[in-house]
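Provided below are the primary sequence and the corresponding predicted coordinates.
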Amino acid sequence: MSSARGTASEAAGGAASGDGGARTERLSKVYGTGPTAVRALDGVSVTLPGGRFTAIMGPSGAGKSTLMHCVAGLDAPTSGRVFVGGVDLGALPDAKLTRMRRERIGFVFQAFNLLPTLTARDNVLLPTTLAGTRPDQQWFDTVVRTLGLGDRLGHRPAELSGGQQQRVALARALITRPEIVFADEPTGNLDSRTGAEVLALLRRSVDDLGQTVAMVTHDPAAAAHADSVIYLADGRIVDVMDAPTPDRVLDRMRSLGGAA
Ligand SMILES: Nc1ncnc2c1ncn2[C@@H]1O[C@H](COP(=O)(O)OP(=O)(O)OP(=O)(O)O)[C@@H](O)[C@H]1O
């Protein structure tokens with residue numbers, strides 16, 4: 001299965017992309033009050049289209065983490081709305097929001113965040129264990145095969161390389177077939193070759209498994225694995241680039257003053 005690739009205007013929030021993925025409407029987030037208040041997001045309307053891989057870039061303090069946390073339901077916006085899979089997060093009572101986060105949103109972090117006492121298999125299955133649901137064995141097998149984890153399932157995290165640990169974390173994020181997977185600097189702790197492998201697997205989860213991925217990164221080479229790149233500066237979207245290449249991303253980052 002191959003993903004349909006949309007256009008820049010879709011990625012920027014123009015055209016509807018069905019109920020898959022996530023989108024925001026005039027999202028604002030202000031931290032604090034009075035003269036010291038910080039407007040981290042300033043009216044951001046963006047679509048993270050279903051079945052696509054979107055990178056989020058921008059200089060330090062641009063609002064990337066805040067955007068990701070608001071769309072993932074980890075932080076409440078000051079104003080505006082967030083939809084994940086067509087569901088308005090702001091309209092959900094706390095218990096339903098928690099369930100939504102657990103079952104319909106996947107996370108991959110720079111620090112892997114695996115439980116050290118559990119095997120790779122039990123780490124992957126943790127979201128279903130916590131939810132008290134039965135894992136879909138066929139999907140589990142597909143994810144494990146796609147990510148090349150078949151012969152590592154009995155290992156604990158300390159017995160795995162960094163790249164293998166990140167693959168377990170990605171499998172865990174995918175096990176519930178979430179509406180969207182958020183990856184926050186997922187290659188930040190990996191050497192460049194292992195990082196490239198993990199990025200290729202994120203890419204494959206979109207192309208072969210039909211998943212939706214949004215990744216925050218400072219790395220132009222990482223962003224070039226995405227279908228499109230959204231650039232934030234001072235809490236606003238300042239550009240969207242389709243079919244990014246490392247050179248084009250680097251040029252754009254330089255012009256925004258955020259090149260590493
Ligand atoms: N909890 C908070 N309280 C106050 N200000 C905050 C808080 N979190 C973030 N900010 C501010 O909001 C702005 C956006 O921060 P955010 O972490 O979203 O940026 P970022 O683009 O992810 O940066 P980086 O690339 O450095 O991680 C910054 O000015 C930051 O200082």
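Sure thing, it's come through.

report the beta-bridge partners for the residue nearest in space to the middle of the chain.
Central residue of the chain (C-alpha atoms, centre = their mean): Phe182, 1.8 Å from the mean position. Beta-bridge pairing for Phe182 (DSSP bridges): Phe107, Ala214.

does Arg26 lie in a helix or a strand, and which?
strand 21-31 (DSSP states H and E).

could you check how far Leu190 is from Gln164?
11 Å (C-beta to C-beta, to the nearest Å). Yep, even glycine has a C-beta here, placed from its N, CA and C like the rest.

before we move on, the earlier item: how far does the helix or strand following the strand holding Arg26 sit from its chain's centre?
As assigned by DSSP H and E, the chain's next helix or strand after strand 21-31 is strand 38-49. The chain centre lies 15 Å from the centre of strand 38-49; the measure is C-alpha atoms, centre = their mean, to the nearest Å.

helix, strand, or coil at Asp141?
Assigned by DSSP: H, G, I helix; E, B strand; the rest coil, the conformation of Asp141 is helix.

just give the number of residues close to Thr33.
7 (other C-beta atoms under 10 Å).

list the helices and strands the strand holding Arg26 packs on?
Secondary-structure packing of strand 21-31 (3 or more C-beta pairs under 8 Å, 6 or more residues apart in numbering; DSSP states H and E): strand 38-49, helix 64-71, strand 79-84.

sorry, back to before: I figured the residue nearest to the centre of the chain hits Arg104, correct?
No - shown here, Phe182 and Arg104 do not form a contact pair, counting by C-beta atoms under 8 Å, at 11.7 Å.

how many other residues sit next to Asp122?
Count around Asp122 with other C-beta under 10 Å applied: 16.

OK, contacts around it?
Leu115, Thr129 (C-beta atoms under 8 Å, 6 or more residues apart in numbering).

can you list the buried residues in the helix or strand containing it?
Using DSSP H and E, Asp122 sits within helix 120-131. Of the residues in helix 120-131, Ala120, Arg121, Asp122, Asn123, Val124, Leu125, Pro127, Thr128 count as buried by neighbour count, 16 or more other C-beta atoms under 10 Å.

now the second one. Nearest residue, chain neighbours left out?
Right, the one you point to is Arg121. What sits nearest to Arg121 in space, not counting adjacent residues and going by C-beta to C-beta, 6 or more residues apart in numbering, is Leu153, at 4.1 Å.

backbone dihedrals for that neighbour, both of them.
Main-chain torsions, Leu153, degrees, to the nearest 10: phi -70, psi -30.

these two touch, right, it and Thr119?
Yes - the pair Leu153 / Thr119 is scored as a contact, 6.6 Å apart, by C-beta under 8 Å.

which SSE is Asp251 in?
Assigned by DSSP H and E, Asp251 falls in helix 246-256.

what residues does this protein put near the ligand?
Contacts of the chain with the ligand, taken as C-beta under 6 Å from any ligand atom, map to Tyr31, Gly32, Val38, Ala40, Gly58, Ser60, Gly61, Ala62, Gly63, Lys64, Ser65, Thr66.

ok, the fourth one - how many residues close by?
When you say that, I think you mean Ala40. With other C-beta under 10 Å as criterion, Ala40 counts 25.

isn't it right up against Leu27?
No - at 10.2 Å, Ala40 does not count as touching Leu27 under the criterion of C-beta under 8 Å.

now do the strands in the stretch 51-200 of the chain.
53-57, 79-84, 87-88, 105-109, 180-184 (DSSP state E, counting those that start in this stretch).

any chance of JSON lines for those, columns mean pLDDT?
Shown next, in JSON lines, are the strands of the stretch 51-200 of the chain (pLDDT from 0 to 100):
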{"stretch": "strand 53-57", "mean pLDDT": "97"}
{"stretch": "strand 79-84", "mean pLDDT": "97"}
{"stretch": "strand 87-88", "mean pLDDT": "95"}
{"stretch": "strand 105-109", "mean pLDDT": "92"}
{"stretch": "strand 180-184", "mean pLDDT": "94"}
